[in-house]
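> Got a sequence here, can you model it:
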Amino acid sequence: MSKATTGHRICCFGDSLVNGVRDGEKGGWPMRLGRRLLGEAKRETTIYNLGIRAETTEGLKARWKFEAELRMVAEFPSLLLFSFGVNDANHAEDRGEETTMRVSPAKSAVNAAEIIGEASKLAPTLWIGPQAVIDGGKSSQEINERLEGLNQIYLETARGFDVPYLDLLGTTLADEIWQRALRRGDGYHPDKTGYDRLADLIWDWNDWQKAVGLID
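Residues are numbered from 1 along each chain as shown. Got it, this is the predicted structure:
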């Protein structure tokens, strides 16, 4: 008989960096968290990877609640994880030297507040901030600059709803493991090593460990 303890049902929402694009092991950081919960904490947690490639906050706000409620069962504790922003900051149009964001900072702020505000009423919620793209040429530098602005907006939004927020932008911009993994990937998505690194950063986050009952 298994000695594992039944754990949470965890819904992980976001884009391709949640989904695990270019991950040789498939499943991205949600799969790794689930594996560690079973292997190290002996918790038979159900992890739902609900990342959609190229999705912005516009798409996410239209679907997340319906998908979450389908997976929530009264007998088991639920946890909602969100990570988004890179696609909002990505280039929508290119007019020579000028580019526009796929979702403006103002609209992204409104969408994020709508998503996180409603989620925090539905179930315990954690918010993982956007990760930096490759620290390279003009195009990626511009995306990282936009992400700095969104990250500050998201931080304030999280504080307003009293939702734990893991700020990863500065860490991933400076972290050589992450940046090397992006170079082996496509500049936006890391290879396996990058997802390993991201899972480690989330696993070591106190608010994650509290949410799943690993610490008080």
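
> can you give me the helices for this structure?
Using DSSP state H, the helices of the chain run over residues 16-19, 28-39, 57-71, 86-89, 105-122, 138-161, 169-174, 176-184, 192-203, 206-211.

> What's the local residue count around the closest residue to Leu80 other than its chain neighbours?
Distances taken as CB to CB, 6 or more residues apart in numbering put Thr125 closest to Leu80, at 4.6 Å, once the chain neighbours are dropped. Any C-beta I mention is one placed from the backbone N, CA and C, and that applies to glycine too. Thr125 sits with 24 neighbouring residues when counted by other CB atoms under 10 Å.

> what do you get for Ala92?
Neighbours around Ala92, by other CB under 10 Å: 13.

> again with Gly24
Neighbour count of Gly24, defined by other CB under 10 Å: 9.

> wait, what's in contact with it?
The contact partners of Gly24, by CB atoms under 8 Å, 6 or more residues apart in numbering, come to 191-192.

> Please repeat the previous calculation with a cut-off of 6 Å.
For Gly24, the residues meeting the contact criterion (CB atoms under 6 Å, 6 or more residues apart in numbering) are Lys192.

> Kindly report the same for the one 10 residues further on.
For Gly34, the contacting residues are 45, 47, taking CB under 6 Å, 6+ apart as the criterion.

> how close does it get to Glu118?
Distance of Gly34 to Glu118, given as CB to CB, to the nearest Å: 25 Å.

> and what of Gly24?
To Glu118, Gly24 is 35 Å away according to CB to CB.

> and the residue positioned nearest the centre of the chain, what does it touch?
The centroid of the chain falls nearest to Ser83 when counting by CA atoms, centre = their mean (2.3 Å). Contact analysis of Ser83 by CB under 6 Å, 6+ apart lists 14, 18, 128.

> which one is the second one nearest to, not counting chain neighbours?
Closest residue to Val18 in three dimensions, ignoring its sequence neighbours and counting by CB to CB, 6+ apart: Gly51, at 3.1 Å.

> Check the burial of the one you found by counting its neighbours.
Other residues within reach of Gly51, judged by other CB under 10 Å, total 23.

> so what's it bridging to?
According to DSSP bridges, the residues that bridge with Gly51 are Gly14.

> quick one: which of the helices of the chain is nearest Ile10?
Among these, helix 28-39 comes nearest to Ile10, with 7.5 Å by CB to CB.

> what's the angle between that closest one and helix 192-203?
60 degrees (axes from the mean of the first three to the mean of the last three CA atoms, to 10 degrees).

> Tell me the gap between helix 28-39 and the middle of its chain.
Distance of helix 28-39 from its chain centroid, counting by CA atoms, centre = their mean, to the nearest Å, is 14 Å.

> Make 371 the starting number, not 1.
With 371 as the first residue, the last one maps to helix 398-409.

> what is the mean pLDDT for that helix?
Averaged across helix 398-409, the pLDDT comes to 97.
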